[in-house]
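Engineer: predicted structure and sequence below. I'll ask about it afterward.
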Amino acid sequence: LPDLPQLQELVLNDTLVTDDGLVHLGKYASINKLWLENTKITDKGLVHLQRLPGLETLYLQNSATAGPGLADLKPLSNLRFISFKRVALRPDSLKHIAQLTQLEILGLDDTNVTDAQLAELAPLKHLRTLWLSKTRVTGRGVEHLLKVPSLQNLYLHGSQITEAGADKIREQMPQCHVGR
C-alpha cells in the first residue's frame with residue numbers, strides 16, 4: 001500500500017492478506033476501522049493490530065481468530081465494536097473478549113457460542129448491542145444475559161431462545177430492544 005498517513009478505514013475482505021502482512025499496518029496508525037472478513041488471518045496476526053491505537057471497529061468475520069491471540073487486542077483501549085460472525089469460537093474465546101471491557105457492540109452471530117460462555121460477558125459493562133442470531137444459545141443463556149444490564153439491543157433471530165425467554169429479557173431489561 002502507498003503512504004497514506006490519514007487513512008482511517010481499510011477494507012481487506014476477501015484478500016490474500018496474511019498474519020505477516022498485518023505488520024505493515026503499523027505505518028497507518030490513523031486507521032480506526034478495519035475489515036478482515038474472509039481472510040486467512042489467525043490469532044498470531046492480531047498482535048500487529050496493537051500498532052493501531054485508534055482502532056475502534058474491527059471485523060473478523062469468517063476468520064481463524066478466536067483463540068489466545070484475542071488477548072493481544074486488550075491494549076486497544078479505543079476498540080468499541082468487534083464482529084466474530086461465522087467464526088469457530090473456542091471454549092475460552094469469550095474469556096479473552098471479556099478483557100475488552102470498553103466494548104459497546106459485539107457480534108457473535110452465526111457462531112458456536114454456548115449458554116455457558118455467555119457468563120463471560122458480565123465484565124462488559126459498556127456493552128450496548130449483542131448479536132446472537134443463528135446461534136445455539138438457549139433459554140439457559142438468558143440468566144447470563146440478564147447480568148449485562150447495559151444492553152440496549154439484543155438480536156436473537158434464529159437462536160434457540162424461545163419467545164418466553166425473550167419476554168423474560170424484555171420484562172427484566174425494559175431498556176433493551178430484543179429482536180427475535
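Structural biologist: Now that the structure is in, tell me what you want to look at.
Engineer: distance of Glu56 relative to Ile97?
Structural biologist: 16 Å (C-beta to C-beta, to the nearest Å). All C-beta atoms are positioned from the backbone trio N, CA, C, and that covers glycine.
Engineer: which one's more surrounded, the two?
Structural biologist: Ile97 (23 against 18; other C-beta atoms under 10 Å).
Engineer: give me phi/psi at the more buried one?
Structural biologist: phi -60, psi -40 (degrees, to the nearest 10).
Engineer: would you map the strands across the protein?
Structural biologist: Under the criterion DSSP state E, the chain contains strands at 9-11, 33-35, 57-59, 81-83, 105-107, 129-131, 153-155, 177-179.
Engineer: in JSON lines: those strands, plus mean neighbour count and distance to Leu22.
Structural biologist: Formatted as JSON lines, the strands of the chain follow (neighbours: other C-beta atoms under 10 Å; distance: least, C-beta to C-beta, whole Å):
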{"stretch": "strand 9-11", "mean neighbour count": "13", "distance to Leu22": "11"}
{"stretch": "strand 33-35", "mean neighbour count": "18", "distance to Leu22": "9"}
{"stretch": "strand 57-59", "mean neighbour count": "21", "distance to Leu22": "12"}
{"stretch": "strand 81-83", "mean neighbour count": "20", "distance to Leu22": "16"}
{"stretch": "strand 105-107", "mean neighbour count": "21", "distance to Leu22": "20"}
{"stretch": "strand 129-131", "mean neighbour count": "22", "distance to Leu22": "25"}
{"stretch": "strand 153-155", "mean neighbour count": "20", "distance to Leu22": "29"}
{"stretch": "strand 177-179", "mean neighbour count": "14", "distance to Leu22": "34"}
